[in-house]
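# pasting the structure only:
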């Protein structure tokens, strides 16, 4: 980005503790040094000093140094997008650590814009990550932030940064749901589930994503042209069914009921025959569990919903579901859920029924 003056190597400075960096960088305050140094170097060093002050919790000095760096960069090196990205980033860190998240977010968005223009990848990733953190902390998502999230999602996805992509998608999906754009939100939110499927530390994000998908489904209820269920959501359905089956085998009926009910709720936008078969199977299993608890009202309601669902699939397919649900064949329930998830991940388009037929042939065998 910028070549430092002799005796001030950036790589060496970054390895020093903050207090040591401050001692080295305060040379930039000397008039003689400034007179002998180019504006871009002065701006860059002031930006580094801003960050060092922030790390030492000397926030007033941090913001002051950052603003001076920004003034020099803006007035004397306006075409140096990489320098501007660096200065805005460190000023954003100073504001955020001082507790002013709104100012911090605005600075990080400015840094993102300049780094995109300069193709300054390292600073870009830092600015994007810091902006995501500010939004996750509750900062409002206006139109500028929405545009950033859309850009951030594509940049991080192209770079193979899966955790950052998932965070951007979750925030973008939430913003779209809040704007009533549920049809646009469901694909973005499904991507969160797909990206975090094997990430054990993402349980909170996945729960929030599932909640947002439920809200999107409520917005889409009764609407024509609702998006198809995505691979991430159907993988979550499969996981819930697997958890429910294992719970039943351990005689943990309350947990099984919860898992199957949550899986059924996620199938709200079901449209393909195997998905309807899975929903009917789950309804029949839940009806059996309700009958075992002598809850006749719940049993009747669930059986009625199952009958309505079975009327929307082929006769042979419906008979297969009723038979195996009656037999309590949990292996076939699990296989059906796995097949539905696999079909979505494969992206079969219009050939979804074939997977269901293969599953049924195995069941009859």
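Received the coordinates, thanks. Only a predicted model underlies this, so the values are computations on that prediction, with no experimental measurement involved.
# Flag every buried residue along stretch 244-251.
By neighbour count on 16 or more other Cβ atoms under 10 Å, the buried set for stretch 244-251 is 244-245, 247-248. In this view, the C-beta of every residue, glycine as well, is placed from N, C-alpha and C.
# give me the low-pLDDT residue ranges for the stretch 1-150 of the chain?
1-15, 24, 27-36 (pLDDT under 70).
# Check the secondary structure at residue 313 for me.
Following DSSP: H, G, I helix; E, B strand; the rest coil, the label given to residue 313 is coil.
# and residue 191, what is it in contact with?
By Cβ atoms under 8 Å, 6 or more residues apart in numbering, the residues touching residue 191 are 165-166, 169, 230, 232.
# What are the phi and psi values at residue 58?
Dihedral angles of residue 58 (phi, psi; degrees, to the nearest 10) stand at phi -100, psi 70.
# In JSON lines: the buried residues of stretch 244-251, plus secondary structure, distance to residue 103 and pLDDT.
JSON lines is the format used below for the buried residues of stretch 244-251 (DSSP: H, G, I helix; E, B strand; the rest coil; distance: Cβ to Cβ, whole Å; pLDDT from 0 to 100):
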{"residue": "244", "secondary structure": "helix", "distance to residue 103": "48", "pLDDT": "94"}
{"residue": "245", "secondary structure": "helix", "distance to residue 103": "51", "pLDDT": "95"}
{"residue": "247", "secondary structure": "helix", "distance to residue 103": "49", "pLDDT": "94"}
{"residue": "248", "secondary structure": "helix", "distance to residue 103": "53", "pLDDT": "93"}
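# would you list those in JSON lines and tack on distance to residue 86?
JSON lines is the format used below for the buried residues of stretch 244-251 (distance: Cβ to Cβ, whole Å):
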{"residue": "244", "distance to residue 86": "52"}
{"residue": "245", "distance to residue 86": "54"}
{"residue": "247", "distance to residue 86": "53"}
{"residue": "248", "distance to residue 86": "57"}
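# Which of those residues sits closest to residue 236?
residue 244 (12.6 Å; Cβ to Cβ).
# Distance check, residue 44 against residue 260.
For residue 44, the distance to residue 260 (Cβ to Cβ, to the nearest Å) stands at 59 Å.
# need the next SSE after the helix or strand where residue 111 lies, C-terminal direction.
In the assignment (DSSP states H and E), residue 111 maps to helix 101-118. Counting by DSSP H and E, the next helix or strand C-terminal to helix 101-118 is helix 121-136.
# from the chain's centre, how far out does that next one sit?
14 Å (Cα atoms, centre = their mean, to the nearest Å).
# The very next helix or strand once past it vs helix 121-136, what angle?
Proceeding N to C from helix 121-136, the next assigned helix or strand is helix 143-158, under DSSP H and E. Following axes from the mean of the first three to the mean of the last three Cα atoms, to 10 degrees, one obtains 130 degrees for the angle between helix 143-158 and helix 121-136.
# quick one, helix 143-158 and helix 101-118 angle?
Orientation of helix 143-158 against helix 101-118 (the same axes, to 10 degrees) gives an angle of 50 degrees.
# and the helix or strand that comes right after helix 143-158, what does it pack onto?
From helix 143-158 onward toward the C-terminus, using DSSP H and E, the following helix or strand is helix 162-178. The helices and strands touching helix 162-178, judged by 3 or more Cβ pairs under 8 Å, 6 or more residues apart in numbering; DSSP states H and E, are helix 121-136, helix 143-158, helix 182-195, helix 203-220.
# ok, back up a step: of the contacts of residue 191, which is the most crowded?
Tallying neighbours with other Cβ atoms under 10 Å puts residue 169 at the head of these, with 29 neighbours.
# Contact partners for it?
Counting by Cβ under 8 Å, 6+ apart, residue 169 makes contact with 153, 188-189, 191-192, 195.
# Recalculate using a threshold of 7 Å.
Applying Cβ atoms under 7 Å, 6 or more residues apart in numbering, we find residue 169 in contact with 153, 188-189, 191-192.
# Could you report the pLDDT at it?
If you check residue 169, the pLDDT there is 97.
# Report the separation between it and residue 339.
The separation that residue 169 has from residue 339, given Cβ to Cβ, amounts to 26 Å.
# burial count for residue 292?
10.
# quick one, domains of this structure?
Domain ranges of the chain: 1-139, 142-219, 231-364, per automatic domain parsing.
# Can you give me the end-to-end span of the second one?
For domain 142-219, the first and last residues are 21 Å from each other (Cα to Cα, to the nearest Å).
# I'd assumed residue 139 was in contact with residue 101.
Yes: the pair residue 101 and residue 139 passes the contact test of Cβ atoms under 7 Å, sitting 5.6 Å apart.
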